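Novice: build me a model from this:
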Amino acid sequence: MKQFVCVKFCDGSNDIVPKQWLVGTSECRWPNDVTNMQSLVQKQAMPAADWTTCPCSIICQANTYERCVKKSYSKQQVVDSSTEECSSEEGDVQGSAPKVNKQMIPPLIRTDTAQRATFKRPLSPRKRTDPGPTLHQVATTLTMIFDKLNRMDSKLETLLDLIKEKDTCLKELWMPEPADNEKGLMDIITQMKDKSRLAKVIEMDGLRGTFRNFLKIFMTKNLALQFSWSGLGPGRQQTKKSFKRHALLAFFSDVLQYTQHQKATHDEIGSAVKKVFNGVTDWDGGRALRAKGYKSQDPQMIQSDKLPATADGEADGSLTDPCLSDVE
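Specialist: Below you'll find the model as predicted:
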């Protein structure tokens, strides 16, 4: 059975009720207080224990209140038309005046004063006017906007505190020049003792951004270009230095214990490392230079960044669209 049903009562009146009010197909529960009758029907309120049970018959049903109203109105028109024709024929045969149906009864709403049903034809869309937002709706919208502004203000304060904290850590942390060779890199790893302060300086919301900040402290662009995750190129030939067993990776894992990424798995760290090494050519203005080459269609400028791919799916240089952002 569908959600709304039009029923006919013993007194000849019709009404729309939710299917929950029916008792079988021949009886219907009816509220004692019909003040908010239409609201109860449209909200499909469950019948209370003290409601009256009335005998009825089903005229039609639909899944929405409005559809049920239209169907019941159509059914009533057909019934009234048939009754009118029968009355007219009977009057012609017997020589008496035909009976005229004086009241069309569309889908109805019961009132508390009279238990008879009254039909109201739905207004056509052209007659409906948009009253605009009420004061309550405007006030609710303004409250939501103020709440969002307060949350944004709170986030900005948190961000400013974080920037101040990073600035303080940066001033207190020993910051060497990035190494441009393996020996210099190992010297920095040996001398860098304060991992907790280093973690605050490099930490970002994304693991990739955190590792990129970390790597730029330890390596120049030229040294970073000598590394890849596995070090293997086409044909599984050694073309670069492998980073996955390097001491710097172990050092980075230790630093991560002081950040929000302390539970990052080995695979997640490996994925971030590959992506960062894949984008090393973008360091020191490389991205802007390549973008300029694409715009001017200079083959030399574009070709300079197209380095061979490594065996683990990386590229020695970033071959992506230069206009794409590398933001986490």
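
Novice: residue ranges with poor pLDDT in the stretch 201-328 of the chain?
Specialist: 293-328 (pLDDT under 70).

Novice: what's the local residue count around Trp139?
Specialist: Slight slip there: residue 139 is Ala, not Trp. Ala139 has 11 neighbours, counted by other CB atoms under 10 Å. Quick note: C-beta positions are derived from backbone N, CA and C, even for glycine.

Novice: equivalent analysis for Phe214, please.
Specialist: When neighbours are defined as other CB under 10 Å, Phe214 has 21 of them.

Novice: so it makes contact with Ala199?
Specialist: No - if you go by CB atoms under 8 Å, Phe214 and Ala199 don't touch, sitting 9.0 Å apart.

Novice: can you work out which residues contact both of these two?
Specialist: Residues touching both Phe214 and Ala199 by CB atoms under 8 Å, 6 or more residues apart in numbering: Val255.

Novice: what's the longest helix in this structure?
Specialist: Secondary structure of the chain per DSSP state H: the longest helix is helix 135-172.

Novice: what mean pLDDT does that helix get?
Specialist: Helix 135-172 shows a mean pLDDT of 83.

Novice: tell me where the stretch 151-300 of the chain has helices.
Specialist: 182-191, 195-202, 207-218, 221-224, 247-256, 266-278, 286-296, 299-303 (DSSP state H, counting those that start in this stretch).

Novice: number of nearby residues for the nearest residue to Leu225 once chain neighbours are set aside?
Specialist: Distance criterion CB to CB, 6 or more residues apart in numbering; nearest residue to Leu225, sequence neighbours excluded, is Val280 at 5.5 Å. Using other CB under 10 Å, Val280 is surrounded by 25 other residues.

Novice: which ones are touching Met1?
Specialist: Lys19, Leu22, Gln61 are the contacts of Met1 under CB under 8 Å, 6+ apart.

Novice: go through those and flag which are in strands.
Specialist: Leu22, Gln61 (DSSP state E).

Novice: let's have the contacts of Met1 in JSON lines, adding distance to Glu177 and pLDDT.
Specialist: Shown next, in JSON lines, are those (distance: CB to CB, whole Å; pLDDT from 0 to 100):
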{"residue": "Lys19", "distance to Glu177": "79", "pLDDT": "89"}
{"residue": "Leu22", "distance to Glu177": "84", "pLDDT": "90"}
{"residue": "Gln61", "distance to Glu177": "82", "pLDDT": "89"}
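
Novice: ChimeraX command to pick out the buried ones of the contacts of Met1?
Specialist: ChimeraX command restricting the contacts of Met1 to the buried ones, with burial defined by 16 or more other CB atoms under 10 Å:
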select :22,61
